[in-house]
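Peer 1: quick one, what's the 3D model for this:
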Amino acid sequence: MAKKIPLRQCVGCGEMKSKKEMMRVLRTAEDGSFCLDISGKKNGRGAYVCMNKECLAKARKNKGLERSFKMGIPSDVYDALEKEFDELAAE
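Peer 2: Model prediction:
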C-alpha cells in the first residue's frame with residue numbers, strides 16, 4: 001500500500017502541496033513569537049506557505065496568516081519572515 005503524503009494548504013495561494021514542498025510559519029506557545037520552522041517539528045501553532053516570495057506577499061495581502069492564527073499580525077513579523085526567506089533562498 002502506498003504511503004500517505006501529508007498535504008498542507010498554502011495561506012498565500014491556497015494550493016495543496018506536500019509538507020516537504022512548503023515552509024512552516026510557527027507561533028511559539030511560550031511567548032507567542034513568530035518564526036520559520038524549517039524542520040517542521042517544533043512545538044506551536046503552524047501555518048504553511050509555498051517556498052516562494054510571491055506566496056508570502058499574497059499571504060500578507062489577503063491576511064492568510066491572520067486567519068490561520070486567529071489574531072492580528074504586525075507588519076514587522078512579515079518583514080522578519082521575508083528576511084528569513086531571503087537568507088534561506090541564498091543558501
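Peer 1: which stretches of the protein have low pLDDT?
Peer 2: 89-91 (pLDDT under 70).
Peer 1: all strands in it, in order from the N-terminus.
Peer 2: 7-9, 16-18, 22-27, 34-37, 45-50 (DSSP state E).
Peer 1: tabulate those (TSV), appending distance to residue 74.
Peer 2: Where C-beta positions appear, they are placed from N, C-alpha and C, glycine not excepted. As requested, the strands of the chain are exported to TSV (distance: least, C-beta to C-beta, whole Å):
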stretch	distance to residue 74
strand 7-9	23
strand 16-18	27
strand 22-27	12
strand 34-37	9
strand 45-50	16
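Peer 1: and of the ones you listed, who's closest to residue 79?
Peer 2: Across these, residue 79 has its closest neighbour in strand 34-37 (11.0 Å, C-beta to C-beta).
Peer 1: show me what the closest one is packed up against.
Peer 2: Using 3 or more C-beta pairs under 8 Å, 6 or more residues apart in numbering; DSSP states H and E as the contact test, the elements touching strand 34-37 are strand 22-27, helix 75-90.
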